[in-house]
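K.L.:
quick one, structure for this:
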Amino acid sequence: MMSLHDWYADTSTFTWKNHRIVYKIHEGEKPWLLLIHGFPTASYDWYKIWKPLSERYSLVALDMLGFGYSDKPNPHPYSIMQQADLVEDLLAHLNISECHLLAHDYGDTVAQELIARDNDGKGLNLKSVCLLNGGIFPESHHPLPIQKMLMSPIGFILSKLLNQKKFEKSFGRIFGPDTLLTAEELDTYWQLVSRGNGHRIAHLIIRYMRERVHNRERWVGALQTFTQPLGLINGLVDPISGQVMVDRYREIITTENIWTMDRIGHYPQLEAPEEVVKCYEEFMR
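P.N.:
Numbers count the residues shown, from 1 in each chain. Here you go, the predicted structure:
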């Protein structure tokens with residue numbers, strides 16, 4: 001596995017609304033591919049597929065506000081709309097006006113907002129979008145018990161009580177039966193999440209689940225009306241957004257460009273990186 005030190009050794013920083021945002025870039029004479037990570041992790045999630053993707057694309061991935069090595073202000077009104085603004089402003093800073101997009105989990109919802117803006121003729125010019133496991137339909141999303149508690153009125157108390165043991169127990173159960181994280185990997189992800197007391201703001205960031213309900217018409221409608229290529233790569237044994245999410249996607253979005261993995265959980269890019277790259281290449285063809 002790659003260490004956090006090695007992943008972040010060649011990252012850059014961008015000041016956004018007085019906050020330090022960390023991003024990683026691989027630039028060349030190739031089409032741009034933007035990678036947007038999920039909750040509660042960071043751009044480090046892409047480390048297993050970064051090199052193979054870099055052979056075909058110029059890449060950019062960021063730690064969104066409140067995640068990874070970026071600033072984690074507390075208190076702060078975290079929102080999907082704000083994260084979409086951040087993504088747009090970072091790409092404008094890098095003079096990137098059009099790109100392909102690969103997103104995961106929380107990043108899927110940010111992607112849906114970016115698609116909605118593109119459909120309205122605003123924001124980024126998205127050439128294609130491919131989504132990994134995420135709660136793109138609130139009615140088909142099954143949050144973990146700890147996520148439900150974080151959204152409750154006592155969520156702030158749970159954030160204060162969250163420790164490594166509780167995190168590892170909850171985070172470890174969303175992977176497939178054959179692709180469970182090792183003790184070393186779980187420890188690495190705890191270090192990533194808890195950096196800068198990030199575990200203390202989980203109850204603030206997780207409000208995005210309510211945003212999904214409030215903005216369902218806009219964000220589901222964005223997928224339904226997007227005219228560029230749209231793909232889905234999904235681990236089916238994911239307890240949060242597995243088979244049920246895929247069934248709903250087939251029902252109200254499309255039956256095309258769907259790749260599923262039978263024994264893979266919530267993090268396909270970590271659990272089956274070679275297969276994800278293969279599926280993505282098929283999608284792009």
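K.L.:
identify the residues contacting the residue nearest to Met64 when sequence neighbours are not counted.
P.N.:
In space, and not counting its chain neighbours, Met64 is closest to Gln83: 5.0 Å by CB to CB, 6 or more residues apart in numbering. Quick note: C-beta positions are derived from backbone N, CA and C, even for glycine. Taking CB atoms under 8 Å, 6 or more residues apart in numbering, we find Gln83 in contact with Met64, Leu65, Val110.
K.L.:
SS state for the second one?
P.N.:
Reduced to three states with DSSP: H, G, I helix; E, B strand; the rest coil, the structure at Leu65 is coil.
K.L.:
what average pLDDT does the helix or strand encompassing the residue nearest to Met64 get?
P.N.:
Element membership for Gln83 (DSSP states H and E) is helix 80-93. Helix 80-93 carries an average pLDDT of 98.
K.L.:
next helix or strand past it?
P.N.:
Past helix 80-93, the next helix or strand by DSSP H and E is strand 98-104.
K.L.:
chain center to the helix or strand following that following strand: distance?
P.N.:
Sequence-wise, the next helix or strand downstream of strand 98-104 (DSSP H and E) is helix 106-119. The chain centre lies 11 Å from the centre of helix 106-119; the measure is CA atoms, centre = their mean, to the nearest Å.
K.L.:
do stretch 223-234 as well
P.N.:
16 Å.
K.L.:
would you mark the buried spots in that stretch?
P.N.:
Leu223, Phe226, Leu230, Gly231, Leu232, Ile233, Asn234 (16 or more other CB atoms under 10 Å).
K.L.:
now the residue nearest to Asp238 when sequence neighbours are not counted: how far from Thr41?
P.N.:
Nearest non-adjacent residue to Asp238, counting by CB to CB, 6+ apart: His266, 4.2 Å away. Counting by CB to CB, to the nearest Å, the gap from His266 to Thr41 is 11 Å.
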